[in-house]
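Novice: 3D model of this:
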Amino acid sequence: MKIQIRPENKNDYKTISMINDMAFGREAEGLLVEKLRKNKKFIKDLSLVACMGNEIVGHILFFPIEIKSENNTFDSLALAPMSVIPELQGLGIGSQLVENGLAKAKKMGHQSVIVLGHDKYYPEFGFTPASKFNITCTFDVPNEVFMALELEKDALKTVSGCVEYPKEFNDL
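Specialist: Numbering: from 1, shown residues only. Take a look at the predicted model:
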């Protein structure tokens, strides 16, 4: 299966929302992407689509976040959301989106990524529980689904604190 990964463009917005809604079985994630696009911190090159021919079949977004402690603030990225059309899930499209997105984020100079996601899926890409780095989140979630990944060696070695997601995430 030939998949092309590229940054989103304005013509993709409606399809991206639809794919997120279908993948998550609700409208919250599609709306989240629409709202995040209006946030001044949005990075167009980190909102990627997977295409089969001319059809968009998946989407991934990496969004800037901060990890705050009493004394410091560290910049990171949140991987959220990631979606693939339900009928095409399990074919490796999501993996290609994650791998391409992580590579692009690293190339752009980002040092770490945080994800709130499936504990059996994201460790395949090197994610480990964020608690390993003394990183917490404001959402009440099990430890194993809140994960972190260093894109640069030891990028989180001296980091600790609570992830501050943009207000748009509060509507999930």
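Novice: now do the contacts for residue 56.
Specialist: Counting by C-beta atoms under 8 Å, 6 or more residues apart in numbering, residue 56 makes contact with 12, 15-16, 19, 49-50. C-betas here are computed from N, CA, C, even on glycine.
Novice: and the most centrally placed residue in the chain, what is it in contact with?
Specialist: Geometric centre of the chain, nearest residue: residue 79, 1.4 Å, by C-alpha atoms, centre = their mean. Residue 79 sits next to 60-62, 98, 101, 113-115, 117 when contact means C-beta under 8 Å, 6+ apart.
Novice: tell me the helix or strand right after the top helix by length along the chain.
Specialist: Looking across the chain with DSSP state H, the single longest helix is helix 93-107. Later in the chain than helix 93-107, the nearest helix or strand by DSSP states H and E is strand 112-116.
Novice: past that following strand, which element shows up next along the chain?
Specialist: From strand 112-116 onward toward the C-terminus, using DSSP H and E, the following helix or strand is strand 128-129.
Novice: how about the residue with the largest distance to the centre of the chain, secondary structure?
Specialist: Distance from the centre of the chain peaks at residue 71, with 26.3 Å (C-alpha atoms, centre = their mean). Assigned with DSSP: H, G, I helix; E, B strand; the rest coil, residue 71 falls in the coil class.
Novice: in TSV, list the contacts of residue 56 along with pLDDT, neighbour count and secondary structure.
Specialist: Listed next are the contacts of residue 56 as TSV, based on pLDDT from 0 to 100; neighbours: other C-beta atoms under 10 Å; DSSP: H, G, I helix; E, B strand; the rest coil:
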residue	pLDDT	neighbour count	secondary structure
12	98	17	helix
15	98	16	helix
16	98	24	helix
19	97	26	helix
49	98	21	strand
50	98	26	strand
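Novice: please convert those residues to JSON lines, extending it with distance to residue 83.
Specialist: Listed next are the contacts of residue 56 as JSON lines, based on distance: C-beta to C-beta, whole Å:
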{"residue": "12", "distance to residue 83": "13"}
{"residue": "15", "distance to residue 83": "11"}
{"residue": "16", "distance to residue 83": "8"}
{"residue": "19", "distance to residue 83": "5"}
{"residue": "49", "distance to residue 83": "10"}
{"residue": "50", "distance to residue 83": "10"}
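Novice: picking up where we left off before, please report the distance of the residue farthest from the centre of the chain from residue 130.
Specialist: Here the criterion is C-beta to C-beta, to the nearest Å. By it, residue 71 lies 19 Å from residue 130.
Novice: how about residue 55?
Specialist: Counting by C-beta to C-beta - residue 55 and residue 130 are separated by 35 Å.
Novice: does residue 149 count as helix, strand or coil?
Specialist: At residue 149, secondary structure determined by three-state DSSP is strand.
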